[in-house]
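Visitor: no sequence on this one, just coordinates:
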């Protein structure tokens with residue numbers, strides 16, 4: 001069960017997956033939620049969410065998060081990014097890029113029309129640590 005090379009882990013992360021975002025919270029188990037994402041040119045994970053959401057509030061407080069993507073079929077594999085986070089007001093191009101990544105051009109544009117960008121933020125999870133595993137031979 002070897003780790004992936006850095007290049008293989010980056011390529012796997014850039015493939016289309018639904019990720020699982022995990023963030024700590026006081027006096028409760030960590031919050032873990034499935035989420036759409038994209039990857040920037042440096043290999044950091046970018047998520048688009050409403051600034052008032054529970055995940056956004058927890059990430060703002062913690063200043064760090066973990067993010068996992070996996071292949072659910074044989075040969076199984078996963079990549080986890082652990083890192084510090086930064087947030088900024090969402091711009092239409094980032095929101096559009098993420099929506100189109102999952103829904104295609106037409107579906108992504110329709111999704112954005114029905115989900116206004118008001119109050120949205122973009123959170124970047126900087127890849128301080130990368131963990132991976134693959135059952136590929």
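Guide: Perfect, I can see it now. Bear in mind the structure is a predicted one, so any value in this text is a computation, not a measurement.

Visitor: Just say helix, strand or coil for the closest residue in space to residue 15 that isn't next to it in sequence.
Guide: In space, and not counting its chain neighbours, residue 15 is closest to residue 69: 7.8 Å by Cβ to Cβ, 6 or more residues apart in numbering. C-betas here are computed from N, CA, C, even on glycine. Secondary structure, DSSP: H, G, I helix; E, B strand; the rest coil: residue 69 is strand.

Visitor: Could you do residue 101 as well?
Guide: helix.

Visitor: residue contacts, the closest residue to it other than its chain neighbours?
Guide: Distances taken as Cβ to Cβ, 6+ apart place residue 38 nearest to residue 101, at 5.9 Å, with adjacent residues excluded. Neighbour list for residue 38: 45-46, 94, 97-98, 101 [criterion: Cβ atoms under 8 Å, 6 or more residues apart in numbering].

Visitor: Just the buried ones out of the residues you listed, please.
Guide: Listed as buried from these are 45-46, 94, 98; burial here means 16 or more other Cβ atoms under 10 Å.

Visitor: Contacts only, for residue 9.
Guide: Contacts of residue 9 by Cβ under 8 Å, 6+ apart are 3, 79, 130, 132.

Visitor: which helices and strands does the helix or strand hosting residue 60 pack with?
Guide: Assigned by DSSP states H and E, residue 60 belongs to helix 54-62. Contacts defined by 3 or more Cβ pairs under 8 Å, 6 or more residues apart in numbering; DSSP states H and E place helix 54-62 against strand 19-23, strand 31-35, strand 45-50, strand 77-89, strand 120-125.

Visitor: Recalculate using a threshold of 10 Å.
Guide: strand 19-23, strand 31-35, strand 45-50, strand 64-71, strand 77-89, strand 120-125 (3 or more Cβ pairs under 10 Å, 6 or more residues apart in numbering; DSSP states H and E).
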